[in-house]
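Participant: Here is the input, now give the coordinates:
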Amino acid sequence: MCGISGVLFKKNDKKYKQQIEKMNALIEHRGPDDNGIYVNDNFAFGHTRLSILDTGNGGHQPMEYQERYVITYNGEVYNYVEIKDELKALGYSFSNQSDTEVILAGYAHWKEKVVDKLNGMFSFAIYDLLEKKCFIARDRTGVKPLYYYQSEEDFYFFSEPKQVIISDIIAAKPNVEAINDYLAFQFSLSEDTFFQGIKKLLPGSAILFENGNAKIHKYWSLDDVEVDETITFTQAKEKITALVEDAVKLRLRSDVPVGSYLSGGIDSSVVATLASESLPGISTYTFTSKAHPNQDESVLASKTATHIKSDHNEIEIDFDNIVGLWQKAIYFMDEPEVGFSLIPQMEISKKVSKDLKVILGGQGGDELFYGYGWHSHMSSSLFTPLKGMPFVCKVRVLLNQIKNMSLRSKAKVLLSAFRSKSIENNYFSLWVSNGAFNLLKNKNIKKRFMSKINGDKTLLAIKKFEYNYWLQALLHVEDRSSMSASLESRTPLLDYRIAEYAFSLPPALMIDGKLNKRILISSFNDKLLTEVYENSQKKGYSAPINDWFENPKVSSYINEILDNKDSFIHSLIVDVHRNALTVRQIWLLISLEIWHKIFITKEIKHC
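Facilitator: Sure thing, here's the model as predicted:
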């Protein structure tokens, strides 16, 4: 796991070496073990290294192969052993034990098609010294970040936007369209970032830079996966079991110790349980908050830890100096996304990194297997045409939803179930109710949102939207929070093979009125405690946000920003009294103002 930077230029200039040095320095947290620079007449590459495989000098980057190919690479390719064996049989030789050299040899043989061979998380650039072209790629599911910026004279790529913003390589200007997306939904609806000119290379995409031109193409997409209505529950269960078991085993490959997060939920419990079978006594980590029992999952996690015989650790965090932590979190994020968990995740990562360099997590299970409560709610509209959800299942979902409600609440839900309001409008309402859409001066965002759903009235359309946008925002948080502490976070459930198969399954195999993520739970319920898979109150790494905002110093800081009519946020929203704002809206607005003061006006110095 590392940080990368690079610039491709038309005319050599000594400034590029100096720029790469600055870009490396700004992401030392991503790779404190080593760093390197490679410069020639056409390009300059930079690298900071967190040593996981071949921890000696053999893995140093940028790395050259056959005196022709040069790479700077961030990530892990978990099936590098199998690819290496295949390449050896084809006559290729290797000088070290890193996965980096395997990618280089793979590119020498398969060229741009090498990405089809790789199972892992990655962003990399390979320059061909002979043909004078550069191939840049990002992993299929978007676990590792990659950004780029192009001017008339040069093309930059980098792991974090701060590399070109803080170093003054480009002038920072706000991208209001992307920022409005954030205020409405908590994430962007495109490849745009908060900075004009800086774009994200989307997951499963690659760039071929040749003769001064950058050509972007998708090499992998879940849009190509069709739902297979003939798959039986038994077939799906067998396949999911095999895929998840293999994905976890692959992600245990490391030359340094590996641990696992463990909450009270299904996803991390499955990952930790399977990891413990290959690594008995594996270290597990749980966030606990004794002062906030409604957010504490440590009791259930502890029972699972005892069940799998892991070396269990509970992490309790004292959130002192909330304002300082908030500013630091936004600095590492480069641009804020999603909810309140950022600060706890960063602090947890800091604690774990004192013991380990590699940690497994359960990210992706909710997005792939319909794990959110709103998935059941959406499917309870009896007469909305939800492909793949039989009427009897929809009735079961509805009955399960209302079983513990009062008579008045039951009547309200039943009435809603008979309405024919379109699923995309229901779904839009769900997101805007958790954002600041009602505060925005620009309300054109709904049209942008509808273009992403494209009039598709299916649960699959919702899952694709969440996978493409919501999940990417969560992975942004995961990458920045872990890498801020020089910790590599691995996500077994986001193995692309699992993603492809999950998208081929009919929703009825995952939502049946009793359980969400039914197929995932059924695949591993023989390994899990009954309390875990019957637990419907998973909390995740939440935050005592109400307590924070009641803190006098935090409250004063918030009021100072909200009362300043000349602030950046007031240029985007209608005038509104603080008492009319929800907690989430306050978080969104203050996070945005902090971002503006760090990266645009630079009133807040590097955190």
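Participant: can we go C-alpha only for contacts and neighbour counts from here?
Facilitator: Fine.
Participant: where's Gln66 relative to Asp456, distance?
Facilitator: According to C-alpha to C-alpha, to the nearest Å, Gln66 stands 50 Å off from Asp456.
Participant: Between those two, which has more neighbouring residues?
Facilitator: More crowded of Gln66 and Asp456, by other C-alpha atoms under 10 Å: Asp456, with 18 against 10.
Participant: ok, the more buried one - contacts?
Facilitator: Neighbour list for Asp456: Glu424 [criterion: C-alpha atoms under 8 Å, 6 or more residues apart in numbering].
Participant: That one should be in a helix, yeah?
Facilitator: No: according to DSSP: H, G, I helix; E, B strand; the rest coil, Asp456 belongs to no helix; its state is coil.
Participant: Could you check the pLDDT of it?
Facilitator: Predicted confidence (pLDDT) for Asp456: 72.
Participant: mind showing which ranges of the stretch 251-400 of the chain have poor pLDDT?
Facilitator: Applying pLDDT under 70 to the stretch 251-400 of the chain flags residues 294-295, 376-400.
Participant: mind redoing it with 90?
Facilitator: 264-265, 287-299, 316-320, 338-341, 371-400 (pLDDT under 90).
Participant: Tell me where it has helices.
Facilitator: 266-278, 298-308, 322-333, 342-352, 365-368, 373-379, 391-402 (DSSP state H, counting those that start in this stretch).
Participant: Quick check: which helices or strands does the third one pack against?
Facilitator: Yep, that's helix 322-333 we're talking about. With contacts defined as 3 or more C-alpha pairs under 8 Å, 6 or more residues apart in numbering; DSSP states H and E, the packing partners of helix 322-333 are helix 342-352, helix 471-483, helix 552-562, helix 583-595.
Participant: What lies in contact with the helix ranked longest in the chain?
Facilitator: If you go by DSSP state H, the chain has its longest helix at helix 233-250. Residues from elsewhere that reach helix 233-250, judged by C-alpha under 8 Å, 6+ apart: 78-79, 271, 274-275, 278, 492-493, 495, 497-498, 501, 505, 509, 519-520, 522-524.
Participant: With stretch 91-107 instead?
Facilitator: By C-alpha under 8 Å, 6+ apart, the residues outside stretch 91-107 that reach it are 53-54, 58-59, 63, 65, 69-71, 73, 76-77, 80-81, 83-84, 87, 113-114, 126.
Participant: per-residue pLDDT, Ile423?
Facilitator: For Ile423, the model assigns a pLDDT of 71.
Participant: neighbours around it, how many?
Facilitator: Counted with other C-alpha under 10 Å, residues neighbouring Ile423 total 23.
Participant: mind checking how far it is from Pro507?
Facilitator: Ile423 is 15 Å from Pro507, by C-alpha to C-alpha.
Participant: for Glu560, same thing?
Facilitator: Relative to Pro507, and taking C-alpha to C-alpha, Glu560 is found at 48 Å.
Participant: Excluding sequence neighbours, find me the nearest residue to the residue sitting nearest the centre point of the chain.
Facilitator: When C-alpha atoms, centre = their mean is applied to the chain, the residue found nearest the centroid is Leu475 (0.8 Å). Distances taken as C-alpha to C-alpha, 6 or more residues apart in numbering put Val143 closest to Leu475, at 5.9 Å, once the chain neighbours are dropped.
Participant: Helix, strand, or coil at the one you found?
Facilitator: Under three-state DSSP, Val143 falls in the coil class.
Participant: Can you check the pLDDT for it?
Facilitator: Residue-level pLDDT assigned to Val143 equals 97.
Participant: Turn the helices of the stretch 251-400 of the chain into CSV, including mean neighbour count.
Facilitator: As requested, the helices of the stretch 251-400 of the chain are exported to CSV (neighbours: other C-alpha atoms under 10 Å):
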stretch, mean neighbour count
helix 266-278, 23
helix 298-308, 19
helix 322-333, 20
helix 342-352, 22
helix 365-368, 23
helix 373-379, 20
helix 391-402, 19
